[in-house]
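A.B. asks: coordinates only, no sequence provided:
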């Protein structure tokens, strides 16, 4: 072939690239004409298989992100509701204590005593020398309408004990709240701690197994809670004189008010 400077000859590599490109275009055109059983062309199937992994990865990533966002906002909403409920619960506890205090200050104790038919004034006639903080005898009995478990207070309406046997027509035994027998449902004003107050045949009573999570101040007032179904609620008992903290519980020592006053005249709250 004669040399023609106006028409440069293609190199072998370029010819090969052109041939591959022509074959690829022909293959694509042929693939677009072949219909598969899935009613897709071969070209569409190839493209779908190439894109499918990318679609799956994108979908999973999207689902994960959406799930995480939803879970975050859901948990945040639950946490906020829990905090709101905790605050409402605390507010109700404070309101409950405040109402109890107001009732007591407004002499509701006397209204609660209205459940008793009348008050009987009695005189102390004997004290057990061996157990002076356990029991005593009074000069009224069943003839005056006294019954077992009638509540006994001093002239200042502070709890002393209850009527127990022996109960005769003209005398009765009074079991003091400082006795080691039985117990009194009581609560500590100021922190709403409630429990069973028991005596030890001495001048003091004690709360046992109260939770150690709440602080109890010395001098805190102790009143009846009414949970023992014998003593009416809100009767004054005494004051805290000692606190023995423990790991989980604490022991609270209480000195009854009646201990510091003469036991000559008492008042029995009678149902008769």
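C.D. replies: Happy to help now that I have it. These figures come from a predicted structure and were not determined experimentally.
A.B. asks: now residue 245. Nearest residue, chain neighbours left out?
C.D. replies: Excluding the flanking residues, the one nearest residue 245 by CB to CB, 6 or more residues apart in numbering is residue 212, at 5.7 Å. Placement of C-beta: from N, CA and C, glycine included.
A.B. asks: how about residue 197?
C.D. replies: residue 186 (4.1 Å).
A.B. asks: so that neighbour sits right up against residue 225, yeah?
C.D. replies: Yes. Counting by CB atoms under 8 Å, residue 225 is a contact partner of residue 186 at 5.6 Å.
A.B. asks: give me the pLDDT for residue 46.
C.D. replies: We have a pLDDT of 61 for residue 46.
A.B. asks: before we move on, what about the one 4 residues further on?
C.D. replies: Reported pLDDT at residue 50 in the predicted model: 62.
A.B. asks: show me the strands in the stretch 101-250 of the chain, by range?
C.D. replies: 118-127, 135-138, 151-153, 159-167, 172-176, 184-188, 193-199, 205-211, 221-224, 236-245, 249-256 (DSSP state E, counting those that start in this stretch).
A.B. asks: partners of the residue nearest to residue 197 in the sheet?
C.D. replies: On the basis of DSSP bridges, residue 186 is bridged to residue 195, residue 224.
A.B. asks: and it, what does it touch?
C.D. replies: Applying CB atoms under 8 Å, 6 or more residues apart in numbering, we find residue 186 in contact with 194, 195, 196, 197, 207, 222, 223, 224, 225, 237, 254.
A.B. asks: separation between it and residue 252?
C.D. replies: From residue 186 across to residue 252, the span is 10 Å (CB to CB, to the nearest Å).
A.B. asks: overlap in contacts of these two?
C.D. replies: Counting by CB under 8 Å, 6+ apart, the residues touching both residue 186 and residue 252 are residue 207.
A.B. asks: so what are the domain limits for this structure?
C.D. replies: Split into domains by automatic domain parsing, the chain comes to 13-68, 85-272.
A.B. asks: between those domains, which gets the lowest average pLDDT?
C.D. replies: Of all the domains of the chain, the minimum mean pLDDT falls on domain 13-68 (a mean of 62).
A.B. asks: need the pLDDT of residue 80.
C.D. replies: On the pLDDT scale, residue 80 is placed at 74.
A.B. asks: that's a helix at it, yeah?
C.D. replies: Yes. Under DSSP: H, G, I helix; E, B strand; the rest coil, residue 80 sits within a helix.
A.B. asks: before we move on, the earlier item: list buried residues within the contacts of residue 186.
C.D. replies: 195, 196, 197, 207, 222, 223, 224, 225, 237, 254 (16 or more other CB atoms under 10 Å).
A.B. asks: now the fifth one: closest residue in space, sequence neighbours ignored.
C.D. replies: With sequence-adjacent residues excluded and distances taken as CB to CB, 6+ apart, residue 222 is closest to residue 237, at 4.6 Å.
A.B. asks: mind listing what the one you found touches?
C.D. replies: Going by CB under 8 Å, 6+ apart, residue 237 touches 158-159, 177, 184, 186, 197, 205, 222-224, 254, 256-257.
A.B. asks: and the gap between it and residue 125?
C.D. replies: From residue 237 to residue 125 the distance is 24 Å (CB to CB).
A.B. asks: which parts of stretch 184-203 are buried?
C.D. replies: Neighbour-count burial for stretch 184-203 [16+ other CB under 10 Å]: 184-189, 191, 193, 195-199.
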